[in-house]
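1. Sequence first, then the predicted structure:
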Amino acid sequence: MSSQLEIQPRELKFAVELDKQSKCTVRLVNRTDQYLAFKVKTTSPKKYCVRPNVGVIQPKSVHEFIVIMQALRTAPADTTCKDKFLVQSTIVQEGTVEEDITSDMFVKDGVRYVEEIKMRVNLVLPPPQSPELLPIDGMLKQADENGVSKAVNNEDLKPVKDVDIAQLQDNVEPIKKMKFGSSKVVDSIIPKDVESQLTKEIEPVIRNDVESKVIESRIPVRAEDQRLFKDVEEMKSKLHELELKLSKAEVTISNLTEERRVVIQERESLKQEMGFLRTRKVERRVQDGFPLLFVCMVALISLIAGYGFHP
């Protein structure tokens, strides 16, 4: 039976970069006139991430998924990798979506046809970098084979022989005449051995001039770094001041909270005292006066006694 699913590529290639993820895109081509459901499995699920790992491909259409390899902490010794991927596909009904896909669909029970295609993994190492001079912090640094930069000693950049600049300037004038004057005048002024010697001595001077220009080009970078350092220090000082103000504000808020609590307690105690005083005042009024019933009884008894003693 011919394959119902075509995979491109059949071998996954990942570029190896330390502390950086690498990804590879895989295309699935449905060759049939029916809907296909697929599922992607791997032997190292913690090392790779597949998005999406399941899906439905329409008839005569293409579907893509991405395989992401997690960042490596150490560089591999070689490009051989034993990790493998397995792509399973089976025919499903029209209208099937990703949420309807289950693991039972890819079980070979003798009734449903499940196609399985294996994929290998290949690691691609970066090409070795050639040593080069890198300007860092106003200094020339050289990168070795492992990409680690190392500082170049300034003594290596100095000329082998020190030359008196004033003496060279005196010797340059005859050379100018040699370039622009007649050949007879040149031959009469400067011998050939002196000319060759001056040429050898001028070359280190040119190198020194180039080095001085390189150093001068690094000076603005240092000044910019100094300004950046000053800005950082100012920001740190402002941040420290804000922290001090924040701490003072917290202390003030805590003091106000404590004062508010004390005021509330004093108000409650005053309310209790006022209530106590009101009750005592009512009791005192009752004790100081005579009850109305007692007064009525006394008046009634007085009237009866008056009528009794009346002739």
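-> On my side now, so go ahead.

2. rest of the way, CA atoms for contacts and neighbours
-> Will do.

3. For stretch 23-35, buried residues please.
-> Buried residues in stretch 23-35, defined by neighbour count with 16 or more other CA atoms under 10 Å: 23-24, 26, 28-31, 34-35.

4. List just the nearest of those to H63.
-> L28 (5.1 Å; CA to CA).

5. What residue spans form the domains of the protein?
-> 5-124, 128-157 (automatic domain parsing).

6. Kindly confirm my reading that K118 forms part of a strand.
-> Yes - counting by DSSP: H, G, I helix; E, B strand; the rest coil, K118 is found in a strand.

7. Could you count how many residues lie near the residue nearest to it when sequence neighbours are not counted?
-> Excluding its sequence neighbours, the residue lying closest to K118 (CA to CA, 6 or more residues apart in numbering) is L86, at 4.6 Å. L86: 15 surrounding residues under other CA atoms under 10 Å.

8. For L86, name its beta-bridge partners.
-> K41, K118 (DSSP bridges).

9. same check, this time on N122
-> Applying DSSP bridges, one finds that N122 bridges with K13.

10. what's the spacing between it and A223?
-> 48 Å (CA to CA, to the nearest Å).

11. likewise I264?
-> Taken as CA to CA, the span from I264 to A223 is 61 Å.

12. And for I117?
-> For I117 relative to A223 (CA to CA), the value is 61 Å.

13. Check C81 too.
-> Separation of C81 from A223 (CA to CA): 50 Å.

14. Break down the chain into its helices, ranges please.
-> Using DSSP state H, the helices of the chain run over residues 154-157, 165-180, 183-189, 192-288, 292-309.

15. so where is the protein shaky, pLDDT-wise?
-> Scanning the chain for pLDDT under 70 picks out 1, 128-222, 282-291, 309-311.

16. List the residues that contact K82.
-> 120-121 (CA atoms under 8 Å, 6 or more residues apart in numbering).

17. Angles on the backbone of it, please.
-> Main-chain torsions, K82, degrees, to the nearest 10: phi -90, psi 0.

18. same question, S3
-> Torsion angles, degrees, to the nearest 10, at S3: phi -70, psi 130.

19. and what of T79?
-> Taking degrees, to the nearest 10 as the convention, T79 sits at phi -90, psi 0.

20. list the contacts for it?
-> Applying CA under 8 Å, 6+ apart, we find T79 in contact with 122-125.

21. now do the same end-to-end measure for stretch 58-66.
-> First-to-last distance for stretch 58-66 - CA to CA - comes to 19 Å.

22. buried ones in it?
-> 58, 65.

23. now stretch 94-106
-> 96, 101, 105-106.

24. From those residues, which land in strands?
-> Among the buried residues of stretch 94-106, DSSP state E puts none in strands.

25. neighbour count winner among N122 and A223?
-> When N122 and A223 are compared for neighbours, N122 comes out ahead with 19 against 11, by other CA under 10 Å.

26. Just to check, the more buried one is in contact with R10?
-> No - N122 is not in contact with R10 according to CA atoms under 8 Å; the separation is 10.7 Å.

27. thinking again about what came up before, list the contacts of the residue nearest to K118.
-> 40-42, 116-119 are the contacts of L86 under CA under 8 Å, 6+ apart.

28. same thing but 6 Å
-> 40-41, 117-118 (CA atoms under 6 Å, 6 or more residues apart in numbering).

29. Can you lay out the residues you listed as TSV showing neighbour count and distance to V298?
-> Listed next are these as TSV, based on neighbours: other CA atoms under 10 Å; distance: CA to CA, whole Å:
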residue	neighbour count	distance to V298
V40	20	112
K41	15	112
I117	15	122
K118	15	122
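
30. With distance to K60 as added columns, please give those residues in JSON lines.
-> JSON lines is the format used below for the contacts of L86 (distance: CA to CA, whole Å):
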{"residue": "V40", "distance to K60": "20"}
{"residue": "K41", "distance to K60": "24"}
{"residue": "I117", "distance to K60": "19"}
{"residue": "K118", "distance to K60": "22"}
